[in-house]
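Novice: Sequence unavailable; structure follows:
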């Protein structure tokens, strides 16, 4: 079974609002990565957070990691219609394991 | 730099037929991955190569799936014979030797088995 599990499964917001997605995992990890997938395309790497980090920023993205709760969150601030995509967390132990993703829809 | 190339982009076959997918990773990337992504799910790793050696094929259904990476560059993934449940997008990804864990994905091949 997949280790990472994203929640919610689907999220619909208005342009300009913030979007928060969560990821939970079960076993120890070396790092956790977030990827975006536009419809019909491959995945694109967004950000990586190592197991000894608690928070990381990249542009409009903010990722947190709580290893005691085995969870991570991805915050996209000031969302745009172009942010509409599926978002996956990938946990890295011996292999990168993805959850089922959060489908984000940003309405103009 | 050029991205990961995959072909074909789409393939429709009947069950019990054979099919092959091709991947050309980013130049210089030593690690190559094949993933299977069923509609509505996340990608599942099928096989990982380091140069031309297999690192992890524990989730590859070896009775029907095979993969090779000759000369440590291009790779092919084959399914023989295909089943209906093999309908999915097959994604190839590559990663360089640097400390970065970032994987670069190709656009995928969408396989429909009828």
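Specialist: Structure's in. What do you need? In this text the structure is predicted, and so the values were computed from the model without any measurement.
Novice: List the residues that contact residue 88.
Specialist: Answering for chain A, as no chain was given. Going by C-beta atoms under 8 Å, 6 or more residues apart in numbering or on different chains, residue A:88 touches A:4, A:6, A:34-37, A:43, A:98-102, B:42-43. C-beta: built from backbone N, CA, C; applies to glycine.
Novice: my bad, chain B
Specialist: Residue B:88 is in contact with B:36-39, B:110-111, counting by C-beta under 8 Å, 6+ apart.
Novice: how about 6 Å then?
Specialist: B:36-38 (C-beta atoms under 6 Å, 6 or more residues apart in numbering or on different chains).
Novice: quick one: which of the residues you listed is nearest chain A?
Specialist: Nearest to chain A among these: residue B:37, at 8.7 Å, using C-beta to the nearest C-beta.
Novice: Could you give the number of residues near the closest one?
Specialist: 21 (other C-beta atoms under 10 Å in any protein chain shown).
Novice: Mind listing residues that contact stretch A:71-78?
Specialist: A:16, A:18-24, A:32, A:34, A:60, A:62-65, A:83.
Novice: do that again at 7 Å, thanks
Specialist: A:16, A:18-24, A:32, A:34, A:49, A:60-65, A:83, A:87, A:89 (C-beta atoms under 7 Å, 6 or more residues apart in numbering or on different chains).
Novice: Tally up the residues packed near the closest residue to residue B:51 other than its chain neighbours, please.
Specialist: In space, and not counting its chain neighbours, residue B:51 is closest to residue B:72: 4.0 Å by C-beta to C-beta, 6 or more residues apart in numbering or on different chains. As a burial measure, residue B:72 scores 15 neighbours (other C-beta under 10 Å).
Novice: Let me know the pLDDT of residue B:72.
Specialist: With respect to pLDDT, residue B:72 scores 84.
Novice: now do the one 5 residues further on
Specialist: On pLDDT, residue B:77 comes in at 98.
Novice: Now the helix or strand harbouring residue A:74: buried residues?
Specialist: In this assignment (DSSP states H and E), residue A:74 forms part of strand A:71-76. Residues of strand A:71-76 classed as buried by neighbour count (16 or more other C-beta atoms under 10 Å in any protein chain shown): A:71-74, A:76.
Novice: what would those look like in JSON lines with pLDDT?
Specialist: Output for the buried residues of strand A:71-76, formatted as JSON lines (pLDDT from 0 to 100):
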{"residue": "A:71", "pLDDT": "95"}
{"residue": "A:72", "pLDDT": "96"}
{"residue": "A:73", "pLDDT": "97"}
{"residue": "A:74", "pLDDT": "98"}
{"residue": "A:76", "pLDDT": "98"}
